[in-house]
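In: Dropping a prediction and its sequence here:
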Number of protein chains: 2
Amino acid sequence: MEELITVLGEIKALFNRSLGELSIDCVVFGFHDDQLKVLLLRAKGSDSWMLPGGWILKTEHLEDAAYRILKERTGLDSIFLQQFYTFGANNRYNGKEIMARLGMPPEHNFFPERAVSIGYYALVEYSLVEPKTDFMTEECRWWDVSEIPELLFDHNDIASRALKALRKQFDHEALGFNLLPEKFTLIELQRLYETILGLEKDKLDRRNFQKKMLSYGFLERLEERKTGGAHKAPYLYRFDLEKYAAYQRENEL
Amino acid sequence: MEELITVLGEIKALFNRSLGELSIDCVVFGFHDDQLKVLLLRAKGSDSWMLPGGWILKTEHLEDAAYRILKERTGLDSIFLQQFYTFGANNRYNGKEIMARLGMPPEHNFFPERAVSIGYYALVEYSLVEPKTDFMTEECRWWDVSEIPELLFDHNDIASRALKALRKQFDHEALGFNLLPEKFTLIELQRLYETILGLEKDKLDRRNFQKKMLSYGFLERLEERKTGGAHKAPYLYRFDLEKYAAYQRENEL
DNA sequence: ACACCATTGTGTGATTGTGACACAATGATA
DNA sequence: TATCATTGTGTCACAATCACACAATGGTGT
């Protein structure tokens, strides 16, 4: 109970430093084990999960708020970030109901009646992330996107809209490299594409996929090969950001 | 001076009914004379132009706010509307400077220090719009997108981002029909595509363009032909929303 | 009334891009 | 050292896109 009071106090303090009705929600995507993952938090003393997020401070750039929140949850500084939608239905949630689900006294409801939330999705390298909780939560971990549970607020909507936005952009921009380690094999890249586009394994033809990827000219083949697998060692590749910028300049203008 | 005081009073009242830091800006596109147009407003007693917009009321859905603002400026109810970005840099404008440019006393600055604005673009049929001013403005008219003047706040950024978003979506969705009258000729449709995609006239091959458009199956050729031109009368076509929905279902899932 | 002319309606062949497909080389494993 | 799943690589068929020409038409101007 004492802890609860502390938490409520911290929330109130935070709220006073923030813009009040305006918050950010982040959908953090990672790729591991041929699966697309999302980072979720579980509230203290509750079995309800939610997206990482927070209020925007009064003096803060929108993007800085998103980076701040992501740094707190993942430990990472440099993250690919994309704003995808702003959610502002006036019935996004019921504050008292949420309080109850969080195991908090509804009469201390601290949620503003009307809240607008700006949605960002982030692409991170799975292995670099060290999920961290904050003062309101006691668990932070990756979930398979196909197994996301029922979330608090309208976070299921937000997550599915983020996925849709990711898929759409994925067709037109080379975003995948943000989800892979610096060195990767072409088959890993192919699995990533298949996973994100929702295709079954080997739906994409290996030869055609590799031909196409290499034809863009922004992948650099390293001398090094990946060893440790039980089979012929594949070449490693690197995504060359400068060549990608050149490619974009040629093909967009 | 008396009028100024009235205006400031109205602004204050509006602000109190709204969420304060949160506003909407609308980039309204129309098509006329083979040109893409944007609706702009000129502030009272000033030669500075800006986008239509307004604060979001405390009880309002985001989209409803956008529709309300559009109805007030254009007289139209049913409008194609698309949220495209939320602007929240903490230096989006300097309130006192804006007051000066509006010919208002800077010490009565009513702009919040920090404002977040949600950007929507709208596609409307040019001929149906009757541009209307509000209590803060004395002129509302169409501008050619290629001749947009320097705007107040960060509205030039917002407008150019809207155009970029429009072009991007235009490639993948049949949005153009929102900008045309119900009945149109294929050459009018072609000019629209050329204009929005920034191509010169007749860059698209007439036969190939028409073949492709008709192949989608959501255009219906009417018996009627368009007369009045000085030449052979072209067929009129209609965009069939139901057939378009069917087309989408087949090609997206 | 008639000739004029810009514009419409329509099909085919050339080019390019995409999708299907097979086999020899390799590197761990047993 | 044999095994075996996996890698690396090129060609052909098909589909999509692009380039292109000519007869019909409906106002315009005389």
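Out: Alright, I've got the coordinates. Residues are numbered from 1 along each chain as shown, chains lettered A, B, ... in the order given.
In: In the stretch 51-200 of chain A, what residue lies closest to DNA strand D?
Out: For the stretch 51-200 of chain A and DNA strand D, the shortest gap (CB to the nearest atom of the strand) falls at A:Ile187, measuring 3.9 Å. Glycine gets a C-beta too; all of them are placed from N, C-alpha and C.
In: mind listing what A:Pro149 touches?
Out: By CB atoms under 8 Å, 6 or more residues apart in numbering or on different chains, the contact set of A:Pro149 is A:Trp49, A:Trp143.
In: Try it again at 6 Å.
Out: A:Pro149 is in contact with A:Trp49, counting by CB atoms under 6 Å, 6 or more residues apart in numbering or on different chains.
In: got it, and A:Tyr237?
Out: Applying CB under 6 Å, 6+ apart to A:Tyr237 gives the contacts A:Leu219, A:Arg221.
In: Do a quick rundown of the helices in the stretch 51-200 of chain A.
Out: For the stretch 51-200 of chain A, applying DSSP state H, counting those that start in this stretch gives helices covering A:62-74, A:95-101, A:155-172, A:186-196.
In: hmm, back to that, could you check the distance from the residue of the stretch 51-200 of chain A closest to DNA strand D over to DNA strand C?
Out: Distance check for A:Ile187 against DNA strand C: by CB to the nearest atom of the strand, to the nearest Å, it reads 13 Å.
In: Is there a neighbour count for that residue? I'd like the number.
Out: A:Ile187 has 15 neighbours, counted by other CB atoms under 10 Å in any protein chain shown.
In: Relative to A:Arg238, how far out is A:Lys183?
Out: A:Lys183 is 6 Å from A:Arg238, where distance means CB to CB, to the nearest Å.
In: Give the burial count for the nearest residue to A:Phe84 once chain neighbours are set aside, as a bare number.
Out: In this structure, A:Phe84 finds its nearest non-sequential neighbour in A:Ala165, 3.9 Å apart by CB to CB, 6 or more residues apart in numbering or on different chains. Using other CB under 10 Å, A:Ala165 is surrounded by 17 other residues.
In: With A:Leu180 instead?
Out: For A:Leu180, the neighbour count with other CB under 10 Å is 19.
In: re the thing from before, from what I can see the residue nearest to A:Phe84 touches A:Gln83, true?
Out: No - taking contacts as CB atoms under 6 Å, A:Ala165 lies outside contact range of A:Gln83: 9.4 Å.
In: Close to DNA strand D: what parts of chain A are there?
Out: A:185-187, A:206-208, A:210-211, A:225, A:229-235 (CB under 7 Å from any atom of the strand).
In: can you list the domain ranges for chain A.
Out: With domains defined by automatic domain parsing, chain A comprises A:2-171, A:180-252.
In: Look up phi and psi at the closest residue to DNA strand C within the stretch 101-250 of chain A.
Out: Proximity of the stretch 101-250 of chain A to DNA strand C (CB to the nearest atom of the strand) peaks at A:Lys232, 3.0 Å away. Taking degrees, to the nearest 10, you get phi -50, psi 130 for the backbone angles of A:Lys232.
In: and what of A:Gly198?
Out: The phi/psi pair for A:Gly198 (degrees, to the nearest 10) is phi 70, psi 30.
In: By mean pLDDT, show me the worst of the helices of the stretch 51-200 of chain A.
Out: Mean pLDDT per stretch puts helix A:95-101 lowest among the helices of the stretch 51-200 of chain A, at a mean of 90.
In: would you put the C-alpha positions of stretch A:60-73 in CSV?
Out: C-alpha atoms of stretch A:60-73 as CSV (Å, rounded to 0.1, in the frame of the first residue of the first chain):
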residue,chain,number,x,y,z
GLU,A,60,10.5,18.5,-25.2
HIS,A,61,10.7,17.9,-28.9
LEU,A,62,8.3,15.1,-29.8
GLU,A,63,11.0,12.9,-31.2
ASP,A,64,13.2,13.5,-28.2
ALA,A,65,10.5,12.2,-26.0
ALA,A,66,10.3,9.1,-28.1
TYR,A,67,14.1,8.6,-27.9
ARG,A,68,14.0,9.2,-24.2
ILE,A,69,11.4,6.6,-23.6
LEU,A,70,13.1,4.1,-25.9
LYS,A,71,16.5,4.6,-24.2
GLU,A,72,14.8,4.0,-20.8
ARG,A,73,13.3,0.7,-22.0
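In: that's a strand at A:Leu204, yeah?
Out: No - read with DSSP: H, G, I helix; E, B strand; the rest coil, A:Leu204 is coil and lies in no strand.
In: May I have the residues that are in contact with it?
Out: Neighbouring residues of A:Leu204 by CB under 6 Å, 6+ apart: A:Gln190, A:Glu194.
In: Now do it against chain B, distance only.
Out: Distance of A:Leu204 to chain B, given as CB to the nearest CB, to the nearest Å: 19 Å.
In: for A:Leu57, same thing?
Out: Taking CB to the nearest CB, one finds A:Leu57 at 9 Å from chain B.
In: Look up how far B:Ala233 lies from A:Arg68.
Out: As for A:Arg68, its distance to B:Ala233 is 63 Å (criterion: CB to CB).
In: Determine the longest strand present in chain A.
Out: With secondary structure taken from DSSP state E, chain A has its longest strand at strand A:18-32.
In: Please name the strands paired to it in the sheet, noting orientation.
Out: The pairing partners recorded for strand A:18-32 under DSSP bridges are strand A:35-43 (antiparallel), strand A:53-57 (antiparallel), strand A:116-123 (parallel).
In: which one of these lies closest to A:Ser78?
Out: A:Ser78 lies closest to strand A:116-123 among the strands paired with strand A:18-32, at 10.9 Å (CB to CB).
In: could you give the angle of the closest one to helix B:62-74?
Out: 110 degrees (axes from the mean of the first three to the mean of the last three CA atoms, to 10 degrees).
In: which residues are in contact with the worst-scoring helix or strand of chain A on mean pLDDT?
Out: Across the helices and strands of chain A, mean pLDDT, DSSP states H and E gives its lowest value to helix A:2-17, namely a mean of 80. Helix A:2-17 has contacts (CB under 6 Å, 6+ apart) with A:Leu57, A:His108, A:Phe110, A:Phe135.
In: Closest to A:Gln169 out of those?
Out: A:Leu57 (28.1 Å).
In: quick one, what contacts the closest one?
Out: If you count contacts by CB under 6 Å, 6+ apart, A:Leu57 has them with A:Arg17, A:Ser18.
In: For beta bridges, what are the partners of it?
Out: When assigned by DSSP bridges, A:Leu57 has beta-bridge partners A:Ser18.
In: if I look at A:Gly244, how far off is chain B?
Out: Actually, residue A:244 is Tyr rather than Gly. Applying CB to the nearest CB to A:Tyr244 and chain B gives a distance of 18 Å.
In: Let me know whether that residue touches A:Tyr216 as I believe.
Out: No - counting by CB under 6 Å, A:Tyr216 is not a contact partner of A:Tyr244; they are 8.0 Å apart.
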